[in-house]
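In: Any chance you can model this:
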Amino acid sequence: MSAEERRESVVRAAVLEFARGGYRGTSTEAIARRVGVSQPYLFRLFPNKQAIFEAACEHCVEETWRVFDRASEGLTGEAARVAMSEAYMSLVEDREQLMMQMQMYVSVFAAESAGEDRIGDAARTAWLRLFERIRERMGGDQKEATQFMAYGMLINTLVGLGYPPDHRIWSGFEEYGERAGES
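Out: Predicted coordinates for the structure are as follows:
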């Protein structure tokens, strides 16, 4: 396996470990063990735990975009929004992907509370890039992109809390779909 392939396997393992334990609660030893490498080798690939976390955040955000991009390729406006919305529901069924997103938000706050700004800077840059891609795909409207992301964050919360798909809390999304012409 090349160093780049090994690096990618470290990032995938880090996503799983950080999703479960967060930045502070995840050891580089656990990541190395999951990949099957030594900690010294891990630190040949990444300078420190923070760099591994930043790479895991980037991977998580980019995976979200890959799913949106595939689902909405060739579409724009409302059709793109509908396609990305449906694709997102499938994406967050992967609890590790969802929990990595949630850990990213929590870890930014925790790191910045401790005076460490790099994690927040990296996460905000990745998230803003995702937002801008979504806004562009939907036709450039800031308000529509903001509403799309707001619904996504609500979906994160409901899935994270474990509400089953048939729970009444999800009924508001049906109204959103009807408003958008999905009925």
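In: what ranges of this structure fall below the confidence cut-off?
Out: Residue ranges of the chain with pLDDT under 70: 174-183.
In: Could I get the full set of helices for the chain?
Out: Under the criterion DSSP state H, the chain contains helices at 3-25, 28-35, 39-45, 49-72, 77-91, 95-113, 118-137, 142-161, 171-179.
In: what angle separates the first one from helix 28-35?
Out: Note on geometry: by axes from the mean of the first three to the mean of the last three C-alpha atoms, to 10 degrees, helix 3-25 and helix 28-35 are set 140 degrees apart in direction.
In: one step back: turn the helices of the chain into a markdown table, including mean neighbour count.
Out: Placement of C-beta: from N, CA and C, glycine included. Output for those, formatted as a markdown table (neighbours: other C-beta atoms under 10 Å):
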| stretch | mean neighbour count |
| --- | --- |
| helix 3-25 | 18 |
| helix 28-35 | 18 |
| helix 39-45 | 15 |
| helix 49-72 | 20 |
| helix 77-91 | 18 |
| helix 95-113 | 18 |
| helix 118-137 | 17 |
| helix 142-161 | 15 |
| helix 171-179 | 11 |
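In: and the closest residue to Asp117 other than its chain neighbours, what does it touch?
Out: In this structure, Asp117 finds its nearest non-sequential neighbour in Ala111, 7.5 Å apart by C-beta to C-beta, 6 or more residues apart in numbering. Contacts for Ala111 (C-beta atoms under 8 Å, 6 or more residues apart in numbering) come out as Tyr23, Asp117, Arg118, Ile119, Gly120.
In: Also Leu91?
Out: Residues in contact with Leu91, defined by C-beta under 8 Å, 6+ apart, are Glu63, Thr64, Val67, Gln97, Leu98.
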